[in-house]
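In: the following block contains a protein sequence and its predicted model.
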Amino acid sequence: MVNPNKENIIQLLREIPDPEIPVIDIWELGILRDVNITDSKVEVIITPTYSGCPAMKQIENDIVSKLHQNGIKDVGVKMIYNPPWTTDWITDEAKEKLRKYGIAPPEKTSVDKGVLLGKSKQLACPRCGSKNTQMISQFGSTACKALYQCKDCMEPFDYFKCI
């Protein structure tokens, strides 16, 4: 890539899936926050979904690798925590991809934190659409998800918690 610009770099980085949810990319999830380009370096700004998220090191490595593969050698990845990541940053397209993948996406915005406060929500099952569901555990396959079960189709599913 000659004379990289921000838009081209973001398009390249959109090829990087979230390691824990491979149907969405780091842009759709809202982890990729910005790209800064100087004469000598490309700096990629990312925000973790949770502090201590185990996927962040893999995402950082994937960013560096993707840019190196495309001729950008001087790459820096900067992790920022302020403002903190929020489910409000997940695109609508990504929410639909999550649902089709079998993960109930966050229903409202980050101000809707009922699951985090220990209150079970009536969520639509991503498999059959029933709202006859119950929370089984505050923690699902990853820390950013809660485990639910549909009482109609009996299938378990993750809910991407509002943060």
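Out: That came in fine, so what should we check first? Here the structure is a predicted model, which is why all the values come from computation and not from measurement.

In: so where's the protein shaky on pLDDT?
Out: 1-3, 108-121, 163 (pLDDT under 70).

In: please enumerate the strands of the chain.
Out: With DSSP state E as the criterion, the chain has strands at 32-37, 42-46, 75-79, 103-104, 133-137, 145-150, 156-160.

In: in CSV: the ones you listed, plus distance to Asp18.
Out: From N, CA and C alone the C-beta is placed, and that goes for glycine too. Output for those, formatted as CSV (distance: least, CB to CB, whole Å):
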stretch, distance to Asp18
strand 32-37, 10
strand 42-46, 11
strand 75-79, 15
strand 103-104, 11
strand 133-137, 21
strand 145-150, 12
strand 156-160, 11
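
In: buried residues in the longest helix along the chain, which are they?
Out: Secondary structure of the chain per DSSP state H: the longest helix is helix 55-69. By neighbour count on 16 or more other CB atoms under 10 Å, the buried set for helix 55-69 is Ala55, Met56, Ile59, Glu60, Asp62, Ile63, Val64, Lys66, Leu67.

In: now those as TSV including distance to Ala143?
Out: Below are those laid out as TSV (distance: CB to CB, whole Å):
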residue	distance to Ala143
Ala55	10
Met56	12
Ile59	15
Glu60	18
Asp62	20
Ile63	22
Val64	25
Lys66	26
Leu67	28
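
In: so which residue is smack in the middle of the chain?
Out: Centroid-nearest residue in the chain, with CA atoms, centre = their mean: Leu29, separated by 3.3 Å.

In: can you pull the contacts of the closest residue to that residue other than its chain neighbours?
Out: Closest residue to Leu29 apart from its sequence neighbours, by CB to CB, 6 or more residues apart in numbering: Asp18 at 5.3 Å. Residues near Asp18 by CB atoms under 8 Å, 6 or more residues apart in numbering: Ile24, Asp25, Ile26, Leu29, Ile31, Ala55, Ile59.

In: so what's the residue count around the second one?
Out: Neighbour count of Asp25, defined by other CB atoms under 10 Å: 19.
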